[in-house]
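Trainee: Predicted model follows, preceded by the sequence.
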2 protein chains.
Amino acid sequence: MEQRDINKAWTSGSKCEQCAIRGLVLFADLTKSDFDLIHRPINDFWLMVGDTLYNQGDQPDAIFTLRSGLVKLVSYLADGAVRIVRVIKPGDVVGLEALDNKKYFHRAIVLEDASFCRIPVSQIKILNESSPHLAKQLTARWQRVMSDADLWLSQLSSGFAKRRVAYLLLYLSEENEANECYLPSREDMGAMLAITTETASRIVARFKRNGLIKLVSPHRVALDKEKLIDYCEQ
Amino acid sequence: MEQRDINKAWTSGSKCEQCAIRGLVLFADLTKSDFDLIHRPINDFWLMVGDTLYNQGDQPDAIFTLRSGLVKLVSYLADGAVRIVRVIKPGDVVGLEALDNKKYFHRAIVLEDASFCRIPVSQIKILNESSPHLAKQLTARWQRVMSDADLWLSQLSSGFAKRRVAYLLLYLSEENEANECYLPSREDMGAMLAITTETASRIVARFKRNGLIKLVSPHRVALDKEKLIDYCEQ
DNA sequence: GTGAATCCTTGATAATTGTCAATCCGGTAA
DNA sequence: TTACCGGATTGACAATTATCAAGGATTCAC
């Protein structure tokens, strides 16, 4: 299913050297001679809200850089429970488990229309053996995954539900000068914060009434960060 | 403080090639010629229960392989809350953030008397540039950290407290054929599972009464895995 | 535009967990 | 031995959150 999504979205192979966001992404440090090693084109493509990038258990052959949009990583437990274990933001790499020849750990679902570049694992391996530049960026990506996981554990999965919601909104608004962020569906918030849909809804509704957040469009809110931070620390 | 701990525990530099658990550790894939690149000795040393391997914010210059024992990684939040974000088991690598020139993210505290090897970051970098063997193992370590983080989020930080406790015990007993595992202090269990000390205590006491677990020595329990698994799925 | 479907909100109630406090237990030191 | 100490356990009660259920609002397709 996601294969069809991807196929229909292919664009022609693009030139990484000219990529507008190259400074942010995995190939940031590569030199001209490094790029000469890339034979298969790095493709970029779009997916729409609700599309699946890959499924839990799929056999991977590529990792992806998110150029724009937002993606959730969903983990399905044995008992049917669903937990969103991470949110991928622009510039992030997703599917790193492919480098260890592991099946994908999660299902990756698009939350906001997204553009990706697809980087075949074979390319990564070639570059990695011949140039140290990529290894540095890869290390930084692993690092980011790890520190994100810490944050999800320490801020988004403990304490009162209202504080978790506040932290989530602040997390989603990071690197966004406009104090605006994506507002997940209440069900998704629940799956991110380990609370129920209803609890998430009650808290969001209260935040709205108290002026901590204001809806600017469906799934987008303006934040009063000061108040939210107070809320987290009270 | 932890520096003193480490110094007093130094043993003479040992030969990685002869290490009894080399198959399990970071240098598993290295060849004879790879080892010839190692000039500074890889030291191994012991720490006792309660000792600190490093503190949150310390400037790192090494990563560590845990040869035996058990270690907790503690994260201190701005508001003073404490969360244990991971438990390090034998064969695991700890302090990987050092490879990205980051300060240590956590405080690493010994739960069961532990022996480590200390691997200077400079060594890793030398090996990494000249041999692909280490990179493979490093990737596998990152991977492990990531999938562990997933497990902590999906199993140990959501659902009913009693289920989290059951999952924690099963997690701690992994790779232990004897169906026996470390039993953390109730306070530590609380910090691992985002519940209170009292709740942890109540549940452990109930598990004991119902025969799910049986204390074999202080901080060590025998598990009835069948019952525990049932408990997780009911 | 209209209906249908979906998501969000809210209420009432039950269950779980947190809080505060007292007691118990095991080990240690005097 | 006895007193003491820290951790573990338990009780009573309060607070938070889940559950079940019903409306309300919004979005989407036709």
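Mentor: Now that the structure is in, tell me what you want to look at.
Trainee: hey, let's count contacts and neighbours off CA atoms from now on
Mentor: Will do.
Trainee: close enough to count as contact, A:Ile21 and A:Arg67?
Mentor: Yes. If you go by Cα atoms under 8 Å, A:Ile21 and A:Arg67 touch, sitting 7.3 Å apart.
Trainee: Give me the more crowded residue out of the two.
Mentor: A:Arg67 (24 against 15; other Cα atoms under 10 Å in any protein chain shown).
Trainee: May I ask you to confirm that the more buried one belongs to a strand?
Mentor: Yes. Judged by DSSP: H, G, I helix; E, B strand; the rest coil, A:Arg67 forms part of a strand.
Trainee: which residues sit against the longest helix belonging to chain A?
Mentor: Longest helix in chain A, counting residues (DSSP state H): helix A:132-154. With contacts defined as Cα atoms under 8 Å, 6 or more residues apart in numbering or on different chains, helix A:132-154 is touched by A:26-30, A:85-86, A:92-93, A:96, A:127-128, B:75, B:77, B:83, B:85, B:97, B:99-100, B:105, B:129, B:142, B:145-146, B:149-150, B:152-153, B:157.
Trainee: Whichever helix or strand comes after that helix and chain B, any residue contact?
Mentor: Remark: after helix A:132-154, the chain's next helix or strand is helix A:161-172, criterion DSSP states H and E. No. If you take Cα under 8 Å from any Cα of the partner chain as the test, helix A:161-172 misses chain B, and the best it gets is 11.8 Å.
Trainee: how near is the most centrally placed residue in chain A to A:Arg144?
Mentor: Central residue of chain A (Cα atoms, centre = their mean): A:Ile88, 0.5 Å from the mean position. Using Cα to Cα, to the nearest Å, we find A:Ile88 at a distance of 11 Å from A:Arg144.
Trainee: Residue numbers of chain A in contact with DNA strand C?
Mentor: A:184-187, A:197-199, A:201-202, A:204-206 (Cα under 7 Å from any atom of the strand).
Trainee: need those residues in JSON lines with pLDDT and distance to A:Asp44, can you?
Mentor: What follows is the residues of chain A next to DNA strand C, written out as JSON lines (pLDDT from 0 to 100; distance: Cα to Cα, whole Å):
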{"residue": "A:Pro184", "pLDDT": "97", "distance to A:Asp44": "26"}
{"residue": "A:Ser185", "pLDDT": "97", "distance to A:Asp44": "28"}
{"residue": "A:Arg186", "pLDDT": "97", "distance to A:Asp44": "31"}
{"residue": "A:Glu187", "pLDDT": "96", "distance to A:Asp44": "30"}
{"residue": "A:Thr197", "pLDDT": "97", "distance to A:Asp44": "35"}
{"residue": "A:Glu198", "pLDDT": "97", "distance to A:Asp44": "38"}
{"residue": "A:Thr199", "pLDDT": "98", "distance to A:Asp44": "39"}
{"residue": "A:Ser201", "pLDDT": "97", "distance to A:Asp44": "36"}
{"residue": "A:Arg202", "pLDDT": "97", "distance to A:Asp44": "40"}
{"residue": "A:Val204", "pLDDT": "97", "distance to A:Asp44": "36"}
{"residue": "A:Ala205", "pLDDT": "96", "distance to A:Asp44": "38"}
{"residue": "A:Arg206", "pLDDT": "95", "distance to A:Asp44": "41"}
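Trainee: Just among those residues, which is most surrounded?
Mentor: Most surrounded of these: other Cα under 10 Å gives A:Val204, at 21 neighbours.
Trainee: mind checking how far that one is from A:Ala194?
Mentor: Distance of A:Val204 to A:Ala194, computed by Cα to Cα: 15 Å.
Trainee: pretty sure A:Arg186 is in contact with A:Ser201, am I right?
Mentor: Yes. A:Arg186 lies in contact with A:Ser201 (Cα under 8 Å); the separation is 5.6 Å.
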